[in-house]
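A.B. asks: how would this look folded up:
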Amino acid sequence: MVNDNEDMAKIGLAALESLKGLAERWACIDTRLALSSQFPYSEFRLEKVQKLPKAVNILKEDRQAFGLLVGKAASPEEVHSHPLTSLPLALATPDRDLRQTSKSSLRNYLMEESSSIEYTPPDQSIWLVDGMAAVRTLPPQQTWRKYGEELLKFCLPPSSSKPLEVGIIFDSYGTATTKELTQIRRAGGTPGRRVHIKNADQSIPTGKDWNSFLTIGENKSELIKFLASYFKSSKLEIPLIVTHESETFRITASGTEILPNCNHHEADTRIVYHASIAKDPVVIRATDTDILVLLCYAYSVCNPEDNWMMKVDDRYVSVRKVVEHFGDDVCKVLPAYHSITGCDTTSFPYGVGKIKPLKKMRQKGKVHLLAELGTSVHSVQKMEGPRSFMQTCMYSGTDKETFVETRIRMFNKKQVKSSVGILPDGSSADEHIKRSVLQALIW
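C.D. replies: Predicted coordinates:
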C-alpha cells in the first residue's frame, strides 16, 4: 500500500508516456497497412459490411490485414514481433476498450481450494464493512434520515456474535476518476445529475434515478458526509468507526473521537489498513475479489496473532487458512498476479482466465517471476520476469522458446488465423505489464 505521492506521480507519468507511445505505434501501423509498397492494398480488398456494428467491421478488417501481412512478410519472426493490427486484440476489444470478464472466479477458487469456508461468525471480533458496497445493496428509502437508519441496521453484525467494534469504511471520491467513468458507461453512457442533500427529511431519488445518482462522485461524497453526520447523532451500543475522505471518526456513547487521517482513496486498501492495526480478531464484510487478494497479501506480510475472516454472503472465509494453504510466497504476489491476469483497471487477456495461470505458476515453481512486479516504481523497468510469466503461465510457452517463438507456434495451430487468442506481441505485452505494475503499486 502506497502513501508516497511523489512516487505515484512518477509511475503515473510513466504509464501515460507508455500509452502515448502505444497510440503512436498503432497510428504508424495503420499508415503502414494503408501505404506500404511491400503490401499494397490495391491488390487486396478488405471486406466492409456496412450493416454490422463498427466494432465488427474493425475486427473483420484487422483479421484480414493480419492474414495479409503474414502471407507477404519476409519471415514469421518479422510479423510476430509487432502488433501488426491497429489494436492488440489479445488485450483490447475492437471497440478499443480493455477486455473484461468476471474476476470472482479467483475469489471462489481461493476460498474453496483452501477449505477455508465456515458458516458461523466468530465471537468478540472487530467488524469492518465495505461502506459503498452496503450503499449499493440497500435500496433507497423515503428520506435520507430513513436511509441512514436502515444502513446502520444493515451494517451492524448480529448481537449474538458480541462484536467489539464496527467500522464502516468508504471510498474517497474525486472528479472524473477512471472508476467513475466506468460506472457512467455501465449506467448507459450518460452521467447522472448532481443532487444536493439539503436536509435529512428530503426525498431520495428512486429507481433509475438512484442508480444514476450513484454514478457521480460528488453525489456519493455528499452522501457519505451526511451518513457520517447522522451516525454521530445515533445512539450506539458499540463503538463505530466511520470514514469520510481522509478523515476517520470513532463514535461512542460518550462522544466522537477524531482518529489520524488516512490518504487511501480506495476502501479496499483502507479496510486492509484498519485490519492490520487491529488488536483483536477481525471480520471483513465484503464480496470484492480485490479485498480478499489484499487481505491474503497483508496477512502474509503482517502475520497477526488473531485470525481475519471475510464474510461473503452467508459464508465466512478464514484468511489464515487461505494463507496457510497457498503459502506466504504465493500470497505475497497475489496483487501482482491479480493485476497482470486482469482486474478492474487492467485487461483480461483473451481466453486466459483467472485460475489456470495460478495453478501453472504453483505447479511449475514460477512464483518468483512476479516477486518484484509492483513492489516499487523501478519495477516498471524489470520486464523479464513478468514477460516470462505471461509466456509460460498465462499462455502455453515453454522455457526453451523465445517469446516470439511461442507466439508463432500458437498462431500456426489456429485454424482461423487471427491474433485474438494468441500471446500478444512483445511491445503490447510490455504495455500491459506497465499498467499492471501501476495497479499493483497502488495496492
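A.B. asks: need phi/psi at residue 283.
C.D. replies: Main-chain torsions, residue 283, degrees, to the nearest 10: phi -120, psi 120.
A.B. asks: bridging residues for it?
C.D. replies: As for beta bridges, residue 283 partners with residue 127, residue 309 under DSSP bridges.
A.B. asks: and it, how close does it get to residue 380?
C.D. replies: Distance check for residue 283 against residue 380: by Cβ to Cβ, to the nearest Å, it reads 36 Å. From N, CA and C alone the C-beta is placed, and that goes for glycine too.
A.B. asks: same thing with residue 234?
C.D. replies: 46 Å.
A.B. asks: for the two, indicate the residue with more neighbours.
C.D. replies: residue 380 (22 against 11; other Cβ atoms under 10 Å).
A.B. asks: what sits against residue 221?
C.D. replies: Neighbouring residues of residue 221 by Cβ atoms under 8 Å, 6 or more residues apart in numbering: 172, 173, 245.
A.B. asks: ok, the second one touching residue 223?
C.D. replies: No. Applying Cβ atoms under 8 Å as the test, residue 173 and residue 223 come out as separate, 9.7 Å apart.
A.B. asks: need the contacts of residue 221 in CSV with pLDDT and distance to residue 417, can you?
C.D. replies: Shown next, in CSV, are the contacts of residue 221 (pLDDT from 0 to 100; distance: Cβ to Cβ, whole Å):
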residue, pLDDT, distance to residue 417
172, 88, 48
173, 82, 46
245, 89, 52
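A.B. asks: and which of those residues is nearest to residue 270?
C.D. replies: Lowest distance from residue 270 to these (Cβ to Cβ) belongs to residue 172, with 8.6 Å.
A.B. asks: what kind of secondary structure is that closest one in?
C.D. replies: With DSSP: H, G, I helix; E, B strand; the rest coil as the basis, residue 172 sits in coil.
A.B. asks: surely it meets residue 268?
C.D. replies: No. Contact between residue 172 and residue 268 fails when scored by Cβ under 8 Å: they sit 11.9 Å apart.
A.B. asks: neighbour count for these two, which is higher?
C.D. replies: For the pair residue 172 and residue 268, the greater number of neighbours falls to residue 268 (24 against 21), based on other Cβ under 10 Å.
A.B. asks: let me see the contact set for that one.
C.D. replies: Neighbours of residue 268 in contact, by Cβ under 8 Å, 6+ apart: 130, 288, 290, 291, 294, 443.
A.B. asks: next one: residue 340
C.D. replies: 346, 370, 373, 386, 389, 390, 394, 432, 433, 436, 440.
A.B. asks: and the residues you listed as CSV, adding distance to residue 167, pLDDT and secondary structure?
C.D. replies: Converted to CSV, the contacts of residue 340 look like this (distance: Cβ to Cβ, whole Å; pLDDT from 0 to 100; DSSP: H, G, I helix; E, B strand; the rest coil):
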residue, distance to residue 167, pLDDT, secondary structure
346, 29, 92, coil
370, 31, 96, helix
373, 30, 93, coil
386, 35, 95, helix
389, 36, 97, helix
390, 38, 96, helix
394, 37, 96, helix
432, 35, 93, helix
433, 35, 94, helix
436, 30, 94, helix
440, 25, 92, helix
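A.B. asks: between which two of these is the distance greatest?
C.D. replies: Pairwise over the contacts of residue 340, using Cβ to Cβ, the maximum falls at 394 and 440, 15.5 Å.
A.B. asks: if we can go back for a sec, filter the contacts of residue 340 down to the buried ones, PyMOL style.
C.D. replies: This is the PyMOL syntax for the buried subset of those, where burial follows 16 or more other Cβ atoms under 10 Å:
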select buried, resi 346+370+373+386+389+390+394+432+433+436+440
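A.B. asks: now the contacts of residue 340 in JSON lines, with distance to residue 155?
C.D. replies: Shown next, in JSON lines, are these (distance: Cβ to Cβ, whole Å):
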{"residue": "346", "distance to residue 155": "31"}
{"residue": "370", "distance to residue 155": "35"}
{"residue": "373", "distance to residue 155": "35"}
{"residue": "386", "distance to residue 155": "39"}
{"residue": "389", "distance to residue 155": "39"}
{"residue": "390", "distance to residue 155": "41"}
{"residue": "394", "distance to residue 155": "38"}
{"residue": "432", "distance to residue 155": "38"}
{"residue": "433", "distance to residue 155": "39"}
{"residue": "436", "distance to residue 155": "33"}
{"residue": "440", "distance to residue 155": "30"}
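A.B. asks: what's the closest of the contacts of residue 340 to residue 94?
C.D. replies: Using Cβ to Cβ, residue 432 is the member of the contacts of residue 340 that sits closest to residue 94, with 17.4 Å.
A.B. asks: excluding its backbone neighbours, what's nearest the closest one?
C.D. replies: Closest residue to residue 432 apart from its sequence neighbours, by Cβ to Cβ, 6 or more residues apart in numbering: residue 91 at 5.6 Å.
A.B. asks: now residue 290
C.D. replies: The nearest residue in space to residue 290 (Cβ to Cβ, 6+ apart) is residue 268, at 5.0 Å.
A.B. asks: check residue 224 too.
C.D. replies: Spatial nearest neighbour of residue 224, excluding adjacent residues (Cβ to Cβ, 6+ apart): residue 170 at 4.7 Å.
A.B. asks: what is the burial count for that neighbour?
C.D. replies: The number of residues packed near residue 170 is 25, by other Cβ under 10 Å.
A.B. asks: repeat that for residue 194.
C.D. replies: Neighbour count of residue 194, defined by other Cβ under 10 Å: 10.
A.B. asks: try residue 195
C.D. replies: Neighbours of residue 195 under the rule other Cβ under 10 Å: 18.
A.B. asks: ok, now residue 405?
C.D. replies: By other Cβ under 10 Å, 17 other residues sit near residue 405.
A.B. asks: what pLDDT is listed against it?
C.D. replies: Per-residue confidence (pLDDT) for residue 405: 94.
A.B. asks: quick check: it is in a helix.
C.D. replies: Yes. Read with three-state DSSP, residue 405 is one of the residues of a helix.
A.B. asks: and the gap between it and residue 76?
C.D. replies: 9 Å.
A.B. asks: okay, and for the protein, where does confidence drop off?
C.D. replies: In the predicted model, the chain carries pLDDT under 70 at residues 1-74, 84, 174-191.
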